[in-house]
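# okay, predicted coordinates and the sequence, questions at the end:
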Amino acid sequence: MNKLIFLDTETTGNDVTKDRLCQVCYKTTDGMHTEFFKPPIPISVESMSITHITNKMVADKASFAGSAMSGELGVLLSEGILVAHNAVFDKAILEAEGLAVPKYICTLRVARALDPEGVLPQYKLQFLRYYLDLDVDAHAHDAEGDVKVLVAVFDRQLAKMKQEGLSDDEAIEKMLHISTAPMLFKKFTFGKHIGKDIAEVAKIDKGYLQWFLAQKMAEAIPDEDWVYTLNTYLK
């Protein structure tokens, strides 16, 4: 099995074109590694209100670029597989910091794939933690706490896939494919059309799909699954 690097980042904001890292935590078989960094731009108030990491807390810290952790992660990622929740964001942030991420598993996408009927109302990491009744001692919106939950969610997903008769390596390969291939959603699990088939909404309220697609395209990192789904049903 390839070496897995379970990772979570805390950042100055959610715009990968300009925001940068202020905390990184990753876990491998060698243990957990957590560090704070001074970003090249200030941490936004919105970000501080979520992570509770302030500019004062990182004022005397080193920058991530050129740090020992940056070098270590660069080597690990070149040889292993990044595992993250909403991995597209963490991948983009790491790449903005100069690191390459050739392989990754997104536990958010895997969660969606394991719920083909859209039973779950959402797939956020902390929601999955409590929905799956995971016994994890961790604080939310802290990189180290989120990595602990991430590992538990991944382990549950791996076990679920192995129930299909897959080996560890086969399950990992399936996760890699799920993480990079766009997914077609069947139902809305939120909004004014909650519970309805998207195909049916396309017939009765095409304007809503067009509006929703515009919203998704305006995001810093457009949700590839929703963009693919909406474009498919709008054809």
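Great, that's in hand.
# helices of this structure, start to end?
For the chain, the helices defined by DSSP state H cover 45-51, 55-58, 68-79, 87-96, 107-113, 125-131, 143-162, 168-180, 198-204, 206-217, 224-234.
# identify the residues contacting the one residue sitting closest to the centre of the chain.
Against the mean C-alpha coordinate of the chain, by CA atoms, centre = their mean, the closest residue is N86 at 1.5 Å. Residues in contact with N86 (CB atoms under 8 Å, 6 or more residues apart in numbering) are C106, L108. Glycine gets a C-beta too; all of them are placed from N, C-alpha and C.
# so where's this structure uncertain?
1 (pLDDT under 70).
# where's the residue located most distally from the centre of the chain relative to K187, distance?
No residue in the chain has its C-alpha farther from the mean C-alpha position than I204, which lies at 32.6 Å (CA atoms, centre = their mean). Per CB to CB, to the nearest Å, I204 is found 14 Å from K187.
# try V16
Taking CB to CB, one finds V16 at 29 Å from K187.
# can you check P39 too?
39 Å.
# who has more neighbours out of those two?
Using other CB atoms under 10 Å, the more surrounded residue of P39 and K187 is P39, with 24 against 17.
# ok, which of the helices of the chain comes nearest M32?
Ranking the helices of the chain by proximity to M32 (CB to CB) places helix 143-162 first, at 6.5 Å.
# between the closest one and helix 168-180, how big is the angle?
110 degrees (axes from the mean of the first three to the mean of the last three CA atoms, to 10 degrees).
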